[in-house]
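# below are the sequence and a predicted model; questions follow.
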Amino acid sequence: MEWWQMNSYIIISGGRVDLKSLQGMMDRHMDDSCVIAVDKGLEVCNKIGIVPDVIVGDFDSASSVVVSVYRRMAEKKGSIKFLDLDTRKDFTDTHVALKYAMDEGATDIYISGAIGTRMDHTMANIGLLKECTDRGVNAYIEDDHNVITMISANATLNRIEGYDYISLIPYGGAVTGVTLSGFEYNAENRTFEAGDSLGVSNSIVEDRARIELDNGYMTVIYSRD
């Protein structure tokens, strides 16, 4: 299947990337995914020998040498697409990559390098999950300690081996009518207010857990110490 027919996308962004967790993501999803490198994320691709299908960025943080290597590769292969962005723009490079994937028909998006030392970028990237949710796309931010997604409707949550904790944190306001089953701490028709810690450090005790809600956006964070 060609990359423009893919429904699954891997985005490698410019934040902190744990190579082991990225390799695990690639092993699970690369065979049927389009790979998008975002700006400095291209350096990670170069380090571990990944040839992305699409490269997005204004390239203000990526090594100019690495960018040149991939531009020459794109000219030679003809199968790598560059989306060059202006440094003055209304969206981050990662946001542009996400919008591109969704416009191309993505149903599942896996993002590496979206968490890092820049807390502003980290918070903005987590917020981008709302747009994915609104468009019916399953999107996951992954690093070596967390898998983060967002829901706005009833959902079944699977256990993830090695991630013992799961936290449910409202995004953008209260989440009402929350009923939990299959968790260590279940709930029935509760309201999770923005700014409280009610949903932090729960765990899934059955093969699958169920969350039902009436209204709102819930950030779901799988974590390990």
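Good, I have the coordinates.
# model confidence over stretch 206-224, on average?
In this model, stretch 206-224 has a mean pLDDT of 97.
# what's the first-to-last distance across it?
Terminal residues of stretch 206-224 lie 18 Å apart, using C-alpha to C-alpha, to the nearest Å.
# packing partners of the helix or strand harbouring M102?
According to DSSP states H and E, M102 maps onto helix 93-103. Taking 3 or more C-beta pairs under 8 Å, 6 or more residues apart in numbering; DSSP states H and E as contact, the helices and strands that helix 93-103 lies on are strand 8-12, strand 33-38, strand 54-57, strand 108-112, helix 119-134. C-beta: built from backbone N, CA, C; applies to glycine.
# can you point out the buried residues in that helix?
If you call a residue buried by 16 or more other C-beta atoms under 10 Å, then helix 93-103 has these buried ones: 93-102.
# so for I160, which of the helices and strands packed on helix 93-103 sits nearest?
For these, proximity to I160 was assessed by C-beta to C-beta; strand 108-112 is nearest, at 13.0 Å.
# list the helices and strands the closest one packs on?
On a contact count with 3+ C-beta pairs under 8 Å, 6+ apart, strand 108-112 meets strand 8-12, helix 19-29, helix 93-103, strand 138-142.
# C-terminal to the longest strand along the chain, what's the next element?
Counting residues, the longest strand found in the chain (DSSP state E) is strand 165-181. As assigned by DSSP H and E, the chain's next helix or strand after strand 165-181 is strand 187-192.
# show me the contacts for the residue nearest the centre of the chain.
The centre of the chain sits closest to I141, judged by C-alpha atoms, centre = their mean, with a distance of 2.8 Å. I141 is in contact with 111, 114-115, 125-126, 129, 147-149, counting by C-beta atoms under 8 Å, 6 or more residues apart in numbering.
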